[in-house]
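A.B. asks: show me the folded form of this:
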Amino acid sequence: MAGLDDLLEALPLDQLAGKLGIDAGTAQSAVSGLLPAIIGGLKANADDPAGAASLQAALAQHDPALVEGGINLDDVDVDDGDKIAGHIFGGNKDAVVAKVAESTGAPAGILGQLLPALAPIALSFISKQLAGKSPAQPQGNAQPQGNVQAQAAAAPEQEQEGGIGGLLGGLLGGGGAGGGGGLDIGGLLGGLGGLLGGGRR
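C.D. replies: Take a look at the predicted model:
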C-alpha cells in the first residue's frame, strides 16, 4: 500500500509555491505538516461510526483521477476543500493550523490557504487506495475506473476498521521513520491530540 510519502512526492510543489508566493522549501514544510494532520483528522473521525459513514460518503464523491497522471492544482475545487476541512476539524480548524505552523515553521496564513487545496487531493488519494484495497469480486479484481466511487460508497460496515481505519493508519505509518519529508509525524499528531476529533458529529 502506498504511504504518505507517495502523495507528498506526487504534489506539484513548484506550482503550489508559485500560487502562494512562497519558496519551494516553505511549500515542502507546509504540505509535510498539513497532510498528516488531514489524514490524522480523517482517522479520528472514522473511529466514530457516524464519522466513518460520513467519510465513506465523501470518498464516493472524490474521483481518484485527480491524483492520477500528475496532480494539477487548477483542477482542485478549493471551495469543496474548505468544506472538507470544516468537516474534518470542525471548530478546531484554526487551532490545528496554528499547531502545524508551530511544528513546521511554516506561516499559519500560508497553511490556511493551503489546507483547502490539499483536502480534496487527500480524499481522492484515499479513494484510490481504498479501491485498490478492495477484495477481489467474483467477476475478477480488475475494476473499471468509473466504479471507484461506487466501491467507496458500498464498502461494508464491518470493513471500516480494517478498511478505512487501517488504510488511514497505514498511510500515516507508510513513510517509515523518514516519512513526511523528515517531519516527526508521531510528534506532530501527538501535539495535535484531541484537536483531530473536532469534526465528529
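
A.B. asks: what's Ala106 sitting at in phi/psi?
C.D. replies: Dihedral pair for Ala106: phi -80, psi 140, per degrees, to the nearest 10.

A.B. asks: host element of Asp94?
C.D. replies: When elements are defined using DSSP states H and E, Asp94 is found to belong to helix 93-104.

A.B. asks: identify the residues contacting the closest residue to Pro107 other than its chain neighbours.
C.D. replies: Ranked by C-beta to C-beta, 6 or more residues apart in numbering and with sequence neighbours excluded, the top spatial neighbour of Pro107 is Ala101, at 6.5 Å. No exception for glycine: its C-beta is placed from N, CA and C like everyone else's. Residues near Ala101 by C-beta atoms under 8 Å, 6 or more residues apart in numbering: Gly33, Pro107, Ala108, Leu111.

A.B. asks: Asp75: which of those residues is nearest?
C.D. replies: Using C-beta to C-beta, Leu111 comes nearest to Asp75 of the contacts of Ala101, at 21.3 Å.

A.B. asks: how far away is the closest one from Ala65?
C.D. replies: Going from Leu111 to Ala65 by C-beta to C-beta, to the nearest Å gives 27 Å.

A.B. asks: go on, Gly90?
C.D. replies: Per C-beta to C-beta, Gly90 is found 29 Å from Ala65.

A.B. asks: which one's more surrounded, those two?
C.D. replies: Set Gly90 next to Ala65 and count neighbours by other C-beta atoms under 10 Å: Gly90 wins out with 17 against 14.

A.B. asks: quick one: low-confidence parts of this structure?
C.D. replies: Along the chain, segments meeting pLDDT under 70 span 1-2, 133-163, 174-201.

A.B. asks: if we go to 80?
C.D. replies: In the predicted model, the chain carries pLDDT under 80 at residues 1-3, 132-163, 165, 172-201.

A.B. asks: quick one: the helices in it?
C.D. replies: For the chain, the helices defined by DSSP state H cover 4-10, 13-20, 24-46, 49-60, 78-89, 93-104, 108-133, 148-154, 166-173, 185-192.
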